[in-house]
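A.B. asks: Based on what follows, work out the 3D shape:
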Amino acid sequence: MAGNVPLQQISAPIQTNSNTSEPKWLRFVLISIALIFLGIFLLLPLITIFIQAFDQGVKVYLAAITEPDALAAIKLTLLVAVIAVPLNAIFGVAAAWAVSKFQFKGKNLLITLIDLPFAVSPVIAGLVFVLLFSTHGLFGEWLFAHNIKIIFAVPGIVLATVFVTLPFVARELIPLMQAQGTSEEEASLTLGAGGWKTFWYVTLPNIKWGLLYGVILCNARAIGEFGAVSVVSGHIRGLTNTMPLHIEILYGEYRFAAAFAVATLMSILAIITLIIKSLLEWKTKKQLMNN
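C.D. replies: A predicted model of the protein is given here:
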């Protein structure tokens, strides 16, 4: 019984097994391997992009990123992201709320469908949209009769981008909202708040950092998407070329300095995304520690 345990035994410090901690040389080797790997496969290519971009001088660099086709590609990339990211944010919040807060038939099917873009190649996804919406596709005749163009146009690029980026927000919010449970929402409803008010003042503040994190990941993928967009775009200069497609065309024409110049813009966007992502992770950890 606890009352028969000597006081010295109760107050004795817990002995830790020093064998469970790795030796310094092993930690040094593991850290060195990680840093070398990151240096070779991440930092070195990134540095090379900027070196090659300015290889022929600042004047050539500025000309490459300000030519009409490059500006059109930049504008289209940002336009697609501005449309696709909010759509996926709305879907992600709704899907996560449904999965984590309610029990209903087809719940597992919904979760499987959310993960579908992770399992399907982006090229196959683009091909599916071609088979559906091209001139000879399933809905092709109806679209042609009503003068609606989806494939080889901006709507097709948006659809392909929405598809490949669909899971990011939902997959970030589902485990977060499941861990939070439903007690706060139930208390809010018990006190007389409606469903929308409960969401706005209870659910949304609890998931805001996870939502922003998912939006950032979704935005990064939307800007850098190549495979699905390549299939549905038609590679029309100045019209349906996004930044990744424009870089591919420049590289294929042996305009290496121009290709790397546009690539630096995407790299800068990626770096900004990484910084914001790190800040949100830090903010989330700080919030959890305060709670």
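A.B. asks: Could you tell me the end-to-end distance of stretch 237-248?
C.D. replies: Stretch 237-248 has an end-to-end distance of 12 Å (criterion: CA to CA, to the nearest Å).
A.B. asks: Run through who's touching it.
C.D. replies: Residues outside stretch 237-248 that contact it (CB atoms under 8 Å, 6 or more residues apart in numbering) are 68-70, 72-74, 76-77, 80, 152-154, 157, 223-226, 229-230, 233-235, 249, 259, 262-263, 265-266. Backbone N, C-alpha and C define where each C-beta goes, glycine included.
A.B. asks: Please repeat the previous calculation with a cut-off of 6 Å.
C.D. replies: Residues external to stretch 237-248 that are found in contact with it (CB atoms under 6 Å, 6 or more residues apart in numbering): 69, 72-73, 76-77, 226, 229, 233-234, 259, 262-263, 266.
A.B. asks: ditto for stretch 73-86
C.D. replies: With contact meaning CB under 6 Å, 6+ apart, stretch 73-86 is reached by 157-158, 161-162, 165, 218-219, 222-223, 241-243, 246.
A.B. asks: List only those of the contacts of stretch 237-248 flagged as buried.
C.D. replies: Among the contacts of stretch 237-248, those buried by neighbour count (16 or more other CB atoms under 10 Å) are 69, 72-73, 76-77, 226, 229, 233, 259, 262-263, 266.
A.B. asks: Where helices are concerned, which of the residues you listed count?
C.D. replies: If you go by DSSP state H, the buried ones among the contacts of stretch 237-248 have 69, 72-73, 76-77, 229, 233, 259, 262-263, 266 in helices.
A.B. asks: returning to that earlier point: ok, which pair from the buried ones among the contacts of stretch 237-248 is furthest apart?
C.D. replies: Largest separation among the buried ones among the contacts of stretch 237-248 by CB to CB: Ser233 and Ala263, giving 18.2 Å.
A.B. asks: Kindly provide the whole-number mean pLDDT of the helix or strand containing Glu186.
C.D. replies: For Glu186, the host element (DSSP states H and E) is helix 183-190. The pLDDT scores in helix 183-190 average 83.
A.B. asks: picking up where we left off before, which of the contacts of stretch 73-86 has the most neighbours?
C.D. replies: Within those, neighbour counts (other CB atoms under 10 Å) peak at Ile157, which reaches 31 neighbours.
A.B. asks: ok, it - contacts?
C.D. replies: By CB under 6 Å, 6+ apart, Ile157 lies in contact with 80, 229, 233.
A.B. asks: so which of the buried ones among the contacts of stretch 237-248 comes closest to Ile51?
C.D. replies: Nearest to Ile51 among the buried ones among the contacts of stretch 237-248 is Ala263, at 11.6 Å by CB to CB.
A.B. asks: And that closest one, how far from Gly126?
C.D. replies: 22 Å (CB to CB, to the nearest Å).
A.B. asks: One more: Val231?
C.D. replies: 3 Å.
A.B. asks: Which of the three states applies to His136?
C.D. replies: coil (DSSP: H, G, I helix; E, B strand; the rest coil).
A.B. asks: Now for the spatially most central residue of the chain: which residues touch it?
C.D. replies: When CA atoms, centre = their mean is applied to the chain, the residue found nearest the centroid is Leu217 (2.3 Å). Leu217 makes contacts with Phe168, as judged by CB under 6 Å, 6+ apart.
A.B. asks: pLDDT of stretch 138-146, averaged?
C.D. replies: With pLDDT averaged residue by residue, stretch 138-146 scores 91.
A.B. asks: Please apply the same query to stretch 249-268.
C.D. replies: Here the average pLDDT along stretch 249-268 is 93.
A.B. asks: now do stretch 37-47
C.D. replies: Regarding stretch 37-47, the rounded mean pLDDT is 90.
A.B. asks: what about it, distance to the chain center?
C.D. replies: Taking CA atoms, centre = their mean, to the nearest Å, one finds stretch 37-47 lying 21 Å from the centre of the chain it belongs to.
A.B. asks: And for stretch 242-253?
C.D. replies: Stretch 242-253 sits 22 Å away from the centroid of its parent chain (CA atoms, centre = their mean).
A.B. asks: Over to stretch 129-144?
C.D. replies: On CA atoms, centre = their mean, the centre of stretch 129-144 falls 29 Å from that of its chain.
A.B. asks: cool, stretch 67-86 as well?
C.D. replies: Mean-position distance between stretch 67-86 and its chain equals 17 Å (CA atoms, centre = their mean).
A.B. asks: any idea of the mean pLDDT in it?
C.D. replies: Averaged over stretch 67-86, pLDDT sits at 95.
A.B. asks: change the start of the numbering to 39 and stick with it
C.D. replies: I'll keep to 39 as the first residue from here, and by that count the last item is stretch 105-124.
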